[in-house]
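Engineer: Give me a model of this one.
(4 chains)
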2 protein chains.
Amino acid sequence: MNRKASSREEWATQIASLDQQTPARKEPITVGRIVATALALVEAEGFDALTMRRVAAALQTGPASLYAHVRNKAELDDLLIGALSRNVVPPKPDAARWREQVLDVCGQLRDQFLRYPGIARAALSAPPANLDTLRITEGLLAIFLAGGVSPRAAAWTIDAVLLYVSAYTVESSLRGEVDRGEVLERLRMLPASHFPCISAHVDELNSGEGHERFEFAIRSMLVSAG
Amino acid sequence: MNRKASSREEWATQIASLDQQTPARKEPITVGRIVATALALVEAEGFDALTMRRVAAALQTGPASLYAHVRNKAELDDLLIGALSRNVVPPKPDAARWREQVLDVCGQLRDQFLRYPGIARAALSAPPANLDTLRITEGLLAIFLAGGVSPRAAAWTIDAVLLYVSAYTVESSLRGEVDRGEVLERLRMLPASHFPCISAHVDELNSGEGHERFEFAIRSMLVSAG
DNA sequence: TTCGTGAGTAGAACAGTGTTCGTGACAACT
DNA sequence: AGTTGTCACGAACACTGTTCTACTCACGAA
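Structural biologist: Numbers count the residues shown, from 1 in each chain, chains lettered A, B, ... in the order given. This next block holds a predicted model:
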């Protein structure tokens, strides 16, 4: 009975394949296709929508099929931030304008993180030994050293800067959901008796268009070095 | 039949309550008890172990009971970082040593985050309008202003500093799991052909005992201000 | 040509997760 | 004494990541 049923199913699939001019063999699943569809999913619906089932469904298969190419979801996250880091191209070091070059690299990374909302959370959880992110570290280190910064200060500043970029983009990603004016309204409601400084400077606290705060923060980490 | 069965159960619970000298009425669930058990859970097993079911089980009840006091898990997270922020006490502003005071507040916050491993992730996702974290912002703002920093620079620097503390503690929390020597070993394996700067300064990249990197980063954000 | 063999493909299931529904019991006010 | 409303909570739903286990199928050897 079982064989008969399976032959019936096979028969049905053969009939169904008559409609497609392409051969019935489906395109094989590769790591590249998985990463590509995952990135598209995150770009469209955010990092929370990235589930193994969603990726598998987009590839017209079940979730189990992914585990032949990817060990974990953690590894998939890792691959994503790797693919994303590959889009960042560090400039050739120019000693005269090394601060601007650092700012440029950080801006590239920030834009990559913001393009895929919420993915920066994965970057914070990712192991620091990812080969593609190390390429960015290498590029930054070259810029710093060309700028005359001591190796130790360079290393520590790079660490701080990369950490800040991740944190900034994590926050910035979910600020998109919440209305920003809402925050300002709540700050205005604070009683001056308990929050004198905040009440007095609520406009300054909420100021900063675009990425002004971002560039301010990065620059402030660079002035001491060198 | 149903009534008979329920009366039987009631009879059984009455008999069971004979053993306890405390009255059968269980201690009521309150927000405070929920937060306290949640904090204990995070302190002992980390943020990933914090689930509604685990908290409910520790309170000897089902998960549904929590939702009468807490809207969401997100709100519970918020309450946790609020309770944790209440442990940070900003010093009375002293214009002469305002930088050290900022470092002190950041250190307090860092230690709180590290005491409850992984909870900093919740701090990054939390809305910025939390009343207890605003208390810290207020304290910092007072210190900055007393130190003669302009309101705008103060506001932006506070933002950057708090973001960095969260990111630092997030990373530091999971570095506890992975062996640190492992990272160093991987860095040593990098080919100097592709990673000349990293290979040349691998020791500097891995240096920094205790919270040296932390204090370096915070200080570097403060030198430009003022 | 026939027969394994081994890699790639998935369906089903498991142990979790956050959250909601509806029932039930208790305390307090009328 | 009766009613009301708040709190407690078992059961269930829709998810999540992950694994087990069959099953297909191209490819190389006898």
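Engineer: in stretch A:161-178, what's buried?
Structural biologist: Using 16 or more other C-beta atoms under 10 Å in any protein chain shown as the test for burial, stretch A:161-178 gives A:161-174. No exception for glycine: its C-beta is placed from N, CA and C like everyone else's.
Engineer: Keep these, but drop any that are not near chain B.
Structural biologist: Taking C-beta under 8 Å from any C-beta of the partner chain as the test, chain B is in contact with A:163, A:164, A:166, A:167, A:168, A:170, A:171, A:174 out of those.
Engineer: Would you mind pulling up the elements that the helix or strand encompassing the fourth one packs against?
Structural biologist: According to DSSP states H and E, residue A:167 maps onto helix A:151-175. Contacts of helix A:151-175 with other secondary structure elements, assessed using 3 or more C-beta pairs under 8 Å, 6 or more residues apart in numbering or on different chains; DSSP states H and E, are made with helix A:98-115, helix A:120-125, helix A:131-146, helix A:212-224, helix B:120-125, helix B:151-175, helix B:202-206, helix B:212-224.
Engineer: What's the separation between residue A:84 and residue A:47?
Structural biologist: 12 Å (C-beta to C-beta, to the nearest Å).
Engineer: now residue A:73
Structural biologist: From residue A:73 to residue A:47 the distance is 11 Å (C-beta to C-beta).
Engineer: How about residue A:80?
Structural biologist: 9 Å.
Engineer: quick one: common contacting residues for the two?
Structural biologist: A:116, A:119, A:122 (C-beta atoms under 8 Å, 6 or more residues apart in numbering or on different chains).
Engineer: got the domain boundaries for chain A?
Structural biologist: Per the TED database, the domain ranges recorded for chain A read A:1-71, A:83-224.
Engineer: closest one to DNA strand C among the ones you listed?
Structural biologist: Checking the domains of chain A against DNA strand C by C-beta to the nearest atom of the strand gives domain A:1-71 as the closest, at 2.8 Å.
Engineer: Now do the closest one, average pLDDT.
Structural biologist: The pLDDT scores in domain A:1-71 average 78.
Engineer: Out of the ones next to chain B among the buried residues of stretch A:161-178, which comes closest to residue A:212?
Structural biologist: Ranked by distance to residue A:212 (C-beta to C-beta), those are led by residue A:168 at 12.0 Å.
Engineer: wait, doesn't residue A:102 sit right on residue A:143?
Structural biologist: Yes - Residue A:102 is within contact range of residue A:143, at 5.8 Å (criterion: C-beta atoms under 8 Å).
Engineer: related to what we said a few turns ago, now render the helices and strands packed on helix A:151-175 as TSV, adding mean pLDDT.
Structural biologist: Shown next, in TSV, are the helices and strands packed on helix A:151-175 (pLDDT from 0 to 100):
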stretch	mean pLDDT
helix A:98-115	98
helix A:120-125	96
helix A:131-146	97
helix A:212-224	96
helix B:120-125	96
helix B:151-175	96
helix B:202-206	94
helix B:212-224	96
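Engineer: which stretch among these comes nearest residue B:57?
Structural biologist: Across the helices and strands packed on helix A:151-175, closest to residue B:57 is helix B:120-125 (C-beta to C-beta), at 20.5 Å.
Engineer: re the thing from before, would CSV of the helices and strands packed on helix A:151-175 with distance to residue A:89 be doable?
Structural biologist: Below are the helices and strands packed on helix A:151-175 laid out as CSV (distance: least, C-beta to C-beta, whole Å):
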stretch, distance to residue A:89
helix A:98-115, 7
helix A:120-125, 18
helix A:131-146, 8
helix A:212-224, 18
helix B:120-125, 28
helix B:151-175, 24
helix B:202-206, 21
helix B:212-224, 26
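Engineer: Residue A:194: which of the ones you listed is closest?
Structural biologist: helix B:151-175 (17.5 Å).
Engineer: Distance from that closest one to the middle of the chain?
Structural biologist: With C-alpha atoms, centre = their mean, to the nearest Å as the basis, helix B:151-175 stands 13 Å off its chain's centre.
Engineer: what comes into contact with the next helix or strand after it?
Structural biologist: For helix B:151-175, the succeeding helix or strand toward the C-terminus, using DSSP H and E, is helix B:180-188. By C-beta under 8 Å, 6+ apart, the residues outside helix B:180-188 that reach it are A:127, A:128, A:129, B:198, B:202, B:205, B:206.
Engineer: Could you work out the most separated pair of the residues you listed?
Structural biologist: Most distant of the contacts of helix B:180-188, by C-beta to C-beta, are A:127 and B:202, 16.4 Å apart.
Engineer: Quick check: residue A:110 vs residue A:220, distance?
Structural biologist: Taking C-beta to C-beta, one finds residue A:110 at 16 Å from residue A:220.
Engineer: cool, residue A:115 as well?
Structural biologist: The gap separating residue A:115 from residue A:220 is 25 Å, by C-beta to C-beta.
Engineer: try residue A:71
Structural biologist: 40 Å.
Engineer: higher neighbour count, those two?
Structural biologist: The neighbour comparison of residue A:71 against residue A:220 (other C-beta atoms under 10 Å in any protein chain shown) goes to residue A:220, with 21 against 10.
Engineer: Just give the nearest non-adjacent residue to that one, would you?
Structural biologist: Excluding its sequence neighbours, the residue lying closest to residue A:220 (C-beta to C-beta, 6 or more residues apart in numbering or on different chains) is residue B:224, at 4.4 Å.
Engineer: Done for today, thanks.
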